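Asker: what's the 3D shape of this:
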Amino acid sequence: MTTPTLLLHFEDEHESALQLARAAGLELAKIERHDFPDGEFKLRLPVSLPESVVILRTLDHPNEKLLELLLAARTARELGARHLTLVAPYLAYMRQDVAFQPGEAVSQRIVGRFFADLFDAVITVDPHLHRVATLQEAVPVPRAIALTGAALLADMIAERRQRPLLVGPDQESAQWIAQAAARHGFDHAVCRKVRHGDRAVEIELPPIDVAGRAVVLLDDVASTGQTLARAARLLLAASAASVDVAVTHALFAGDALQVILDAGVGEVWSTDCIRHPSNAVSVAPLIAAALSGTTH
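Answerer: Numbering: from 1, shown residues only. Okay, the predicted model is just below:
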């Protein structure tokens, strides 16, 4: 009889872990963490692990979580795990894929190798990849699976808006926007973005008539909110009937959500890759289906 795969999680992701365990039919256990006064911490895993183990850790605010993964994965191997899968619905440090200035660390390559040294498989959703074609190039594990929230968000939008126009905030989102739009035959277009810094961007609307249209700005991640806010203002100034926002990853750093709402956005929807009040779509069934081929 095959021992069931065990899903390990941290306390702050209990609800997400519970949903995934139910969807995938996995046993569930918590990784206990104790914090010391000096800032160090220790972890405690179940004392006996099956051969196949999945660790769930979404990597927003990633720096401490990367150390958690190092300790958890190494300990899991010592406790009997032979096949380790990381489920990271949001995968950090994927943006920096080249050295834009001499001396810069290429974090995608370094962190990707870090994951590959710990895990046999990695599953994520809409990783921020631009100059590499596949997730496996960034994270060289035997099984690297990049899922997308585009279809889930498209289905949700179809239920809530009549004949929406999907608009991407920049050219990099073109293929992703087209995929979401094709699912229900939505009209779609992308803006042109020029970035001058983390919070300074210029947006040029696509050459399409938005007057009277219900527009949904669709993106893989919302961080500062500046790009989405700027695009929303321009769309409303061009007589769009409404502008809503749908994103896979609700990072919303600082006052980002308020920045978006202040720009005239009606509703903000996200997947639950990162827990946030805007969550409207669960990725648990999507990840559960992917897990069926990686946990052995």
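
Asker: Give me the residue ranges of this structure where confidence is low.
Answerer: The model of the chain has pLDDT under 70 over residues 1-3, 195-201, 293-296.

Asker: what residue lies at the spatial centre of it?
Answerer: Centroid-nearest residue in the chain: Tyr90, 3.3 Å away (criterion: Cα atoms, centre = their mean).

Asker: Do I have it right that that one meets Leu56?
Answerer: No. Using Cβ atoms under 8 Å, Tyr90 makes no contact with Leu56, being 11.5 Å away. (Each C-beta comes from the backbone N, C-alpha and C, glycine too.)

Asker: Next, the residue nearest to the centre of the chain: secondary structure please.
Answerer: With DSSP: H, G, I helix; E, B strand; the rest coil as the basis, Tyr90 sits in coil.

Asker: Please apply the same query to Asp38.
Answerer: Taking three-state DSSP as the rule, one finds Asp38 in the coil state.

Asker: Provide the count of other residues in contact range of it.
Answerer: Counted with other Cβ atoms under 10 Å, the neighbours of Asp38 add up to 6.

Asker: what's the answer for Leu66, then?
Answerer: By the measure other Cβ under 10 Å, the count of residues near Leu66 is 16.

Asker: now do the one 4 residues further on
Answerer: One way to gauge burial is a neighbour count; for Leu70, by other Cβ under 10 Å, it gives 14.

Asker: how about the nearest residue to it, chain neighbours excluded?
Answerer: Leu118 (6.8 Å; Cβ to Cβ, 6 or more residues apart in numbering).

Asker: next one: Ser223
Answerer: Nearest to Ser223 is Leu251, by Cβ to Cβ, 6+ apart, at 4.6 Å.

Asker: Kindly report the same for His276.
Answerer: Take His276 and drop its neighbours on the chain: the residue closest to it by Cβ to Cβ, 6+ apart is Ala250, 3.9 Å away.

Asker: in what helix or strand does Glu159 lie?
Answerer: Secondary-structure assignment from DSSP states H and E places Glu159 in helix 150-160.

Asker: ugh, typo on my part, it should be Ala189
Answerer: Ala189 belongs to strand 187-190, assigned by DSSP H and E.

Asker: One more: Ala116?
Answerer: Assigned by DSSP H and E, Ala116 belongs to helix 107-118.

Asker: for that helix, the distance to its chain's centre please.
Answerer: Computed by Cα atoms, centre = their mean, to the nearest Å, the separation of helix 107-118 from the middle of its chain amounts to 17 Å.

Asker: now for that helix, which elements pack on it?
Answerer: helix 62-78, strand 83-88, helix 135-138 (3 or more Cβ pairs under 8 Å, 6 or more residues apart in numbering; DSSP states H and E).

Asker: and with 7 Å instead?
Answerer: On a contact count with 3 or more Cβ pairs under 7 Å, 6 or more residues apart in numbering; DSSP states H and E, helix 107-118 meets helix 62-78.
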